[in-house]
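Engineer: The following block contains a protein sequence and its predicted model.
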2 protein chains.
Amino acid sequence: MSKEAAPQGSRRRILTAQQDDFPGWYQDVVAKSELAENGPVRGTMVIRPYGYSLWERLQEELDRRIKATGARNAYFPLLIPQSYLHREAQHVEGFSPELAVVTHGGGKRLEEPVVIRPTSETIINACFARWIHSYRDLPLLINQWANVVRWELRPRLFLRTTEFLWQEGHTAHATEADAHDYALRILADVYQDTMENVLAIPVLTGQKTDSERFAGAVTTWTCEAMMRDGKALQMGTSHELGQNFARAFDITYSDAAGTLCHAWQTSWGASTRLIGALVMAHGDDAGLRIPPQLAPVQAVVILIGGDGDTGARAEAITNDLRRAGVRAELDGRTGIAFGRRSIEWELKGVPVRLELGPRELDDGQITLVERHSSRKSTTPLTSVVESVRHALTLAQRCLFDEARMRMQERTVLAADLETALEAAQHGFAQLPVNALGQIGEEWLNARGVSVRCLTQDETGARQAVIARAY
Amino acid sequence: MSKEAAPQGSRRRILTAQQDDFPGWYQDVVAKSELAENGPVRGTMVIRPYGYSLWERLQEELDRRIKATGARNAYFPLLIPQSYLHREAQHVEGFSPELAVVTHGGGKRLEEPVVIRPTSETIINACFARWIHSYRDLPLLINQWANVVRWELRPRLFLRTTEFLWQEGHTAHATEADAHDYALRILADVYQDTMENVLAIPVLTGQKTDSERFAGAVTTWTCEAMMRDGKALQMGTSHELGQNFARAFDITYSDAAGTLCHAWQTSWGASTRLIGALVMAHGDDAGLRIPPQLAPVQAVVILIGGDGDTGARAEAITNDLRRAGVRAELDGRTGIAFGRRSIEWELKGVPVRLELGPRELDDGQITLVERHSSRKSTTPLTSVVESVRHALTLAQRCLFDEARMRMQERTVLAADLETALEAAQHGFAQLPVNALGQIGEEWLNARGVSVRCLTQDETGARQAVIARAY
């Protein structure tokens, strides 16, 4: 009953082929699937409705998991006095080169220039200092959905933009152990879970090296994924801040015995960069492939010409799917050629396409096309909902498995730096930390490769994950 | 079975009385109910978790209605080239005095300074010019949730802040009639509906006068409400832009005959100012009163001491309420005095409080306190869900009716300017437009009073609504 869809000759003309030029393919697919485009100020980005609908779904999934850890959303100002950034020495050193500075407001030169937040540790911790008094106020778990600005010299849509959207969590705890556990809970239960079970992107988790650590953190935990070109993308980070900001901003609490102590803190963020990950982890030469758990449109019913009867049936099927909890849409634009519409939905990566015309109606069958495999099959009109549900479950699993297998196949266990460098041209290398030595990281960096994270293998031995990275 | 709750002597000490000093009361209640506080840069605001949870609920309600009109969310850059604002003459004149200007980015002086968006007409319409080609691309209906910055000299939390959060809609249509109808649909189906049926605040709708019109609009429609001190608050506006921006940004489409035409446009916005409206329309000397449709917590079960049995029962009741679709929370903090917790929930305006201790458990009864009326009653443990639902329905209606009656009682039909001015000291005045004359508006403005909008009475006669305003 199922056959491969005939390869569409026209595809080649729509997108650059991945194999020929992966960055060119990326640029094409982001534009043609109408995800985003460049803004007029260098490095800024317009997120178009389809791109934004992906972000809204991702926000929904992340937000639910963040709230399940006990955190609450709040909102802090965009504009921060420059002096705030100077309170934590490493922090200001890390962010100074990227700042956008407002010097004039309301027609006047400002007495103290203000910066647009590159991240909100400083302004939030100034509040925490006022809000926290006693151990009873801890843990204080705050999350913010916001835009931030970091001046970007080599911008790339979603991956590196001067302004990006993200969530940033900021917490204060009574003990170092509490902060440590919470930072890791965010890493696993919020980030890894969303990335693997919603975005269908397997990730490696581990610690950043000293040189890649967040400016002001004691430990940075990261989720790293492999894109289809073998390069790594940092997907989200969770930081243990120790007492660095607590000391800089004087965040103290009195413990049960009445002693004044500095709080222990975390911060963590994930951004619109994840949309870039989604594109590069699953997309193929025909466009995006969106995993059903994330997809704003999971199934589209494409009406092919026909009369009122066919139209009514297409609408009924769409409604049946919606009632069954499937995010379904009807494409009734019969004035536009079927082929063109088909390519459009393919480009947008909608997991399941249902094609219904008078012929299908006569046969009591509908054509079902799976985006992830391009497999085309027919299914009786009486069991459409069931078939779609099955196809969605399958697509979610297949996309994840495909990405996981790719990562496995393209990860090499290396014993020395030369081998690791060579392997990193095509994928990841795992190198024992001992073999990295004191100068290994610098040596690799000079050759366009970086240590993505430090992990442990099954035996507990420490490994460095090495790759080219976005 | 029901009695008035004893007035709590301690209230006077928590908040300034509304009658003594309404602005002082406002400042107190915003702080004490933990809605928001001032940020370090003048005019900026920190929205605390409880305040933000109100905004999240409001976003949810507005967003659903906006999407029901066919609009889709997108996101446009925060930073706008200064030259963009200059393209529409009235627009730049209106916004120039309020701009925040970024002169340095990434450690360098910028070649062209960029402004932080005070609103996004210019940057969005520059995109529309690229996206719109044919009549088939119309209507184009876009909404954005974003922060904007307008330098504010007399800031006040929620009501006037240098940075605020809002949604801004931007649309393009093929005809003037389409744009007109859509602007009014937003006014009625999105704004008025949310304000009256969710926020429980009755509004007057009408047109702004020429001098109060949005900079660049042809017609500005507004929703105006009366606060508890008799002053007016502008709640949201919907603008017909005519072809002003379409000409400035060259937004053209070819019609069915192939003729090139300029599009007709609308824009519309509602902001965090609505949280200020919520406070001032319903709040009383004991704190906020949140209408159930909006309330993030509709009912709180307050556990009063007791043993494990009482605690288990309180938890079971909370779960029963949640299963029945009530947003319920359990306050099991028996370590904190009951009175203190009670005052806290009252301050936060939670519509229904349920009090459960060992005595109530023995009696098979629970104490139910309605926030809107302060009425206290007992209800059998077997019918808690039903009683809570009834109380919530009642609270929503009563808050709206109370606000509507206040507006009716405090609106005076005036025949001349002097009478209108006098009436506006205590509430609204309705003055025939003829009586306003050519110089009436200026005369009123000089006396601290403004024309809020122009409406029509039942006979079709045009009336000016006159009031002091926030």
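Structural biologist: Thanks, I have it.
Engineer: Without its sequence neighbours, what residue ends up closest to residue A:382?
Structural biologist: residue A:364 (7.6 Å; CB to CB, 6 or more residues apart in numbering or on different chains). C-beta here means a position set from N, CA and C on the backbone, and glycine is covered the same way.
Engineer: From residue A:379, how far off is the one you found?
Structural biologist: 10 Å (CB to CB, to the nearest Å).
Engineer: Likewise for residue A:394?
Structural biologist: For residue A:394, the distance to residue A:379 - CB to CB - is 13 Å.
Engineer: Next: residue A:330.
Structural biologist: As for residue A:330, its distance to residue A:379 is 17 Å (criterion: CB to CB).
Engineer: how far away is whichever residue of the stretch 301-450 of chain A sits closest to chain B from residue A:359?
Structural biologist: As assessed by CB to the nearest CB, chain B sits closest to residue A:335 within the stretch 301-450 of chain A, at 8.4 Å. Applying CB to CB, the value for residue A:335 to residue A:359 is 19 Å.
Engineer: do the same with residue A:323
Structural biologist: In terms of CB to CB, residue A:323 sits 26 Å off from residue A:359.
Engineer: Could you do residue A:196 as well?
Structural biologist: Counting by CB to CB, the gap from residue A:196 to residue A:359 is 41 Å.
Engineer: Neighbour count: these two, which is higher?
Structural biologist: Using other CB atoms under 10 Å in any protein chain shown as the criterion, residue A:196 and residue A:359 rank with residue A:196 on top: 17 against 14.
Engineer: The more buried one: which element?
Structural biologist: Assigned by DSSP states H and E, residue A:196 belongs to helix A:193-197.
Engineer: Which elements pack onto that helix?
Structural biologist: When contacts are defined as 3 or more CB pairs under 8 Å, 6 or more residues apart in numbering or on different chains; DSSP states H and E, helix A:193-197 packs onto helix A:49-68.
Engineer: switch to 10 Å and redo it
Structural biologist: helix A:49-68, strand A:219-226, strand A:232-242, helix A:273-282, helix A:384-409 (3 or more CB pairs under 10 Å, 6 or more residues apart in numbering or on different chains; DSSP states H and E).
Engineer: Now stretch A:22-41: buried residues?
Structural biologist: A:22, A:25-26, A:28-30, A:32-33, A:35-41 (16 or more other CB atoms under 10 Å in any protein chain shown).
Engineer: do the same with stretch A:453-470
Structural biologist: A:453, A:454, A:455, A:463, A:464, A:465, A:466, A:467, A:468, A:469, A:470.
Engineer: Would you point out the most distant pair within these?
Structural biologist: Maximum pairwise distance among these (CB to CB): 21.3 Å, between A:463 and A:470.
Engineer: rewinding a little: after the helix holding residue A:196, next one along is what?
Structural biologist: As assigned by DSSP H and E, the chain's next helix or strand after helix A:193-197 is strand A:204-207.
Engineer: residue nearest the centroid of chain A?
Structural biologist: Centroid-nearest residue in chain A: residue A:274, 1.8 Å away (criterion: CA atoms, centre = their mean).
Engineer: Spit out the contact partners of it.
Structural biologist: A:54-55, A:58, A:62, A:158, A:166, A:191, A:194-195, A:198-199, A:201, A:223, A:225, A:233, A:235-236, A:281, A:294 (CB atoms under 10 Å, 6 or more residues apart in numbering or on different chains).
Engineer: Let me know how buried the residue nearest to residue A:247 when sequence neighbours are not counted is, in neighbour terms.
Structural biologist: Sequence neighbours aside, residue A:262 is the residue nearest to residue A:247 in space, at 5.9 Å (criterion: CB to CB, 6+ apart). Number of residues near residue A:262 (other CB under 10 Å) recorded here: 17.
Engineer: Likewise for residue A:97?
Structural biologist: 13.
Engineer: what's the answer for residue A:261, then?
Structural biologist: Neighbour tally, residue A:261, other CB under 10 Å: 17.
Engineer: Skip the chain neighbours and tell me the closest residue to it.
Structural biologist: residue A:255 (5.5 Å).
Engineer: ok, now residue A:162?
Structural biologist: Using CB to CB, 6+ apart, the nearest residue to residue A:162 is residue A:43, at 3.1 Å.
Engineer: Same question for residue A:185.
Structural biologist: residue A:69 (6.0 Å).
Engineer: Now the phi/psi pair for the one you found, please.
Structural biologist: phi -80, psi 0 (degrees, to the nearest 10).
Engineer: doesn't residue A:186 make contact with it?
Structural biologist: Yes. The criterion here is CB atoms under 10 Å, and residue A:69 meets it with residue A:186 at 6.6 Å.
Engineer: what residues do those two have in common as contacts?
Structural biologist: A:141, A:143, A:169, A:171.
Engineer: three-state assignment of the first one?
Structural biologist: In other words, residue A:141. Assigned with DSSP: H, G, I helix; E, B strand; the rest coil, residue A:141 falls in the strand class.
Engineer: That one and chain B: what is the separation?
Structural biologist: Going from residue A:141 to chain B by CB to the nearest CB, to the nearest Å gives 10 Å.
Engineer: so how many other residues sit close to that residue?
Structural biologist: 20.
Engineer: Can you spell out which residues form a bridge with it?
Structural biologist: In this entry, residue A:141 is beta-bridged to residue A:171, by DSSP bridges.
Engineer: Contacts only, for it.
Structural biologist: Contacts of residue A:141 by CB under 10 Å, 6+ apart are A:66-67, A:69-72, A:169-173, A:182, A:186, A:266, B:49.
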